[in-house]
Structures are given as C-alpha cells and as structure tokens.
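> quick one: sequence and predicted model below, then my questions.
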Amino acid sequence: MSPPSTATSAGRRRATWAIALLALAGLAAMLVALVTGSVPIDATRLVPALVGDRTDTATAIVLELRLPRAIAAFAAGGLLALAGALMQVLMRNPLADPYVLGISGGAAVAALTAILAGLAAWSGPAALVGAVVSTLLVFGLARGGRARAPWVATRLLLTGVVVAAGWGALIALLLTLAPDVAVRGMLFWLLGDLSAASAGWPAIAVLAVSLACALMIARDLNVVTRGEDAALSLGVAVPQVALIAHALAATATAVAVALAGSIGFVGLIAPHAVRLVVGNDQRVLLPAAALAGGTLLVVADTLARTLVAPVQLPVGVITALVGVPVFLFLLARGSR
C-alpha cells in the first residue's frame, strides 16, 4: 500500500493532467467549430481570418457567425455542467441536473410568450427574467419553518418538481395557442438552439465568476457530501454553504437557458463523466466539469450545424442522442 503522501501526489498529478487535457480538448473543439460548416475554411486561413478585414468572406464568417456561436456554446455548456455538479452535491443525488428546480420551465414560458407576442429578439432577456422568477418562486415555497437549514434538499426537490409540472402545462398551452408560423421557432428554443446566440462573452464572464465563487466553497462542499450532520460536526456552516451553492447553480442555469434554450443532458453527464476520472474532490471536479460541459456543447453544436447542412438541427437533439447512451454506459459502469 502506498504512503498517503505518495497517493495524494499521484492524485494531484492525475487531476492536473485531466484538467489540462480537457482544456486542450475544449480548444480543439473551438478550432474545429471555426473551420467547419456549409462553407469550409482551410485551417491555414483561420489565423488571417481572425485578424483580417471584415469585408473578406472568410473573416466575416468566422468573426460574425462561427466564433460568437462557439463561445456561446462553450459558455452555456460550462454553466450547465457547473450547475449540475453543484446540484448533485446539494441534493446528494447523482440524477440531479440543473433543471431539477424547475428553472428551465419558467425561462421557457417567458421566452415562448415573447416569441408568441412577436418579440423573438427579446426571448433571451425574457427567459432570464422567467428563470429568476421561477427560482424565487421555488425557494419561496420550499422555505422550511423550524428546520436547521433554510432550505431542505428534499423539500426543494419536491417543490421544484411541482413547479416544473405547472410550467409544463403552461408551455403546452402556449404551443396550442401559437400560430403555425411560430411553432417551429418555439420548438427549436425548447430543444435548445444556438443559431441566434450573441451574448457569449458576458456568459463566459458569468461562468468564470460562478466557478471562482464555487471553488471558494469547494472544500466545504467536500464535507457536505458526507452528510449534513457530519458537516455540522466538523464546523461547516451548512446553511450558508448550501445557500451560496444554490444561488450559484440557479444563476448559472438561468444564464445558460436564456442564452441557448433548454439543452438537456449536458449538466447531467458531464459531471458524471469527469467524476470517473478525477474523483469526487469538488476542488477538481467543478472546473473539470465546466471544461467538459463546454467542450461537449461546442462539439454538439458543430454537429447540429453540419450533419444535414444547410439545414440546422436543434443542438438539444444532438446532446440527447449522445447523452442517453453515454449516461446508460456510465450507470452500467458505476453498478459494476
């Protein structure tokens, strides 16, 4: 048996290599996204296109279409994966995902209402407002009375499920009332669509700030995974840590949904996949999950643009087609 210091050192090296490889994979996915499309761009022309004159066709395609979309995809994927990793810790449930609290339902109702009203350009801000309203509603309804923690995980989960069901009914009503010309755009948004995403850099900033704040409480989250009583006995301020983590997860999910719509499976499978490699240390798992989620969504969006070009698929369809078999494989491997 290896001494503890040797095992710790080996674990740190493994985590460092894993994060470095994920960062390289994310960069490679971004480069592939920039050169791939209905108008292919030779890799040797990529750097001139990034710094060239915008009147040039290749430069315009890269800077005005593909780069903003790739950045938005990475930001949305990273935010969803970070939120999923936090929710799995807070709920102590490996099946928890960013949408478990019904945030996506509120965002969807607000976005679809904007589209139905002829304000499709405002669907992103409307979705953000809807996500915030849904978050406040769930937390307001789930607040415990005399419990030690302001919000109990089970109560939050049940409240989120009920609120999500209510939002689902409103979504069905909006789709029923919508004219045929608007239904396709509404369905694309519901399945996840990055074709109109243009706020990638602000979302990247939100991802960076959210990840930095999550890392500040990562050590406490490691203790929380052992159970609330164990964490309290070790001096962890569980209510405060849970509140911060919930706020970070809700913010990350709201921004991601407002940016790209309701994209499934990214926040569920990315934390699971990296956990098999880096373990359950949140100080490593959280940044690794963000990198993996961003890379996964960039790859999925590239496939959505190119598989049946010039027709574009909703990116949520690709993540579901990839996510279902991957998640079943992870479950089978975990059971063994």
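Happy to help now that I have it.
> hmm, Asp42 is touching Pro48, no?
No. With contact defined as Cβ atoms under 8 Å, Asp42 does not count as touching Pro48 (10.2 Å). C-beta: built from backbone N, CA, C; applies to glycine.
> so which of the two has more stuff around it?
Legend: neighbour count by other Cβ atoms under 10 Å for Asp42 and Pro48, higher for Pro48 (13 against 9).
> for the residue nearest to Gly37 when sequence neighbours are not counted, report the pLDDT, please.
Spatial nearest neighbour of Gly37, chain neighbours left out: Arg305 (5.9 Å); criterion: Cβ to Cβ, 6 or more residues apart in numbering. Arg305 is assigned a pLDDT of 88 by the prediction.
> one more: Gln282?
90.
> then Ala147?
49.
> equivalent analysis for Leu174, please.
Reported pLDDT for Leu174: 90.
> before we move on, the earlier item: how many other residues sit next to the residue nearest to Gly37?
That count, for Arg305 with other Cβ under 10 Å as the rule, works out to 24.
> what does Gly316 give?
Counted with other Cβ under 10 Å, the neighbours of Gly316 add up to 25.
> the stretch 201-336 of the chain: helices as residue ranges?
218-224, 228-233, 238-260, 266-278, 282-306, 315-335 (DSSP state H, counting those that start in this stretch).
> give the buried residues for the last one.
It stands for helix 315-335. Residues of helix 315-335 classed as buried: Val315, Gly316, Val317, Ile318, Thr319, Ala320, Val322, Gly323, Val326, Phe327, Leu330 (neighbour count, 16 or more other Cβ atoms under 10 Å).
> now for the most centrally placed residue in the chain: which residues touch it?
Closest to where the C-alpha atoms of the chain average out (Cα atoms, centre = their mean) is Leu80, at 1.1 Å. Residues in contact with Leu80 (Cβ atoms under 8 Å, 6 or more residues apart in numbering) are Pro98, Ala252, Thr253, Ala256, Ile263, Val266, Gly267, Ala270, Gly293, Leu297.
> from the contact counts, what lies against the helix or strand encompassing Val132?
Applying DSSP states H and E as the criterion places Val132 in helix 123-142. For helix 123-142, the packing partners by 3 or more Cβ pairs under 8 Å, 6 or more residues apart in numbering; DSSP states H and E come out as helix 103-116, helix 153-177, helix 238-260.
> among those, which is the most enclosed?
When these are scored by mean count of other Cβ atoms under 10 Å, the highest mean neighbour count falls to helix 103-116 (a mean of 26).
> I'd like the average pLDDT over that one.
Per-residue scores along helix 103-116 average to 87.
> by contact count, what packs against it?
Applying 3+ Cβ pairs under 8 Å, 6+ apart, one finds that helix 103-116 contacts helix 123-142, helix 153-177, helix 180-191, helix 238-260.
> redo those as a markdown table? Include distance to Ala23.
Listed next are these as a markdown table, based on distance: least, Cβ to Cβ, whole Å:
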| stretch | distance to Ala23 |
| --- | --- |
| helix 123-142 | 28 |
| helix 153-177 | 32 |
| helix 180-191 | 29 |
| helix 238-260 | 19 |
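> out of those helices, which gets nearest to Ala114?
Among those, helix 123-142 comes nearest to Ala114, with 4.0 Å by Cβ to Cβ.
> what comes into contact with that closest one?
Contacts for helix 123-142 (Cβ under 8 Å, 6+ apart): 101-115, 119, 151-152, 155-156, 158-160, 163, 167, 189, 199, 246, 250, 253-255, 257-259, 261.
> let's see that with 6 Å instead.
101-103, 106-107, 109-111, 114-115, 151, 155-156, 159-160, 163, 250, 254, 257-258 (Cβ atoms under 6 Å, 6 or more residues apart in numbering).
> surely Val257 touches Ala107?
Yes. Counting by Cβ atoms under 6 Å, Val257 does reach Ala107; the two are 4.3 Å apart.
> okay, Leu285: pLDDT?
For Leu285, the model assigns a pLDDT of 93.
> hmm, back to that, ok, which of the helices of the stretch 201-336 of the chain comes nearest Ala58?
helix 282-306 (16.5 Å).
> which strands and helices sit next to the closest one?
helix 4-35, helix 67-91, helix 218-224, helix 266-278, helix 315-335 (3 or more Cβ pairs under 6 Å, 6 or more residues apart in numbering; DSSP states H and E).
> need the winner for burial among those.
Among the helices and strands packed on helix 282-306, highest average neighbours (mean count of other Cβ under 10 Å) belong to helix 67-91, with a mean of 28.
> quick one, that one and helix 315-335 angle?
Here the directions of helix 67-91 and helix 315-335 differ by 40 degrees (axes from the mean of the first three to the mean of the last three Cα atoms, to 10 degrees).
> averaged pLDDT, helix 67-91. What do you get?
92.
> how close does the residue nearest to Thr302 when sequence neighbours are not counted sit to Ala231?
Nearest residue to Thr302, sequence neighbours excluded (Cβ to Cβ, 6+ apart): Ala33, at 4.6 Å. Distance of Ala33 to Ala231, computed by Cβ to Cβ, to the nearest Å: 41 Å.
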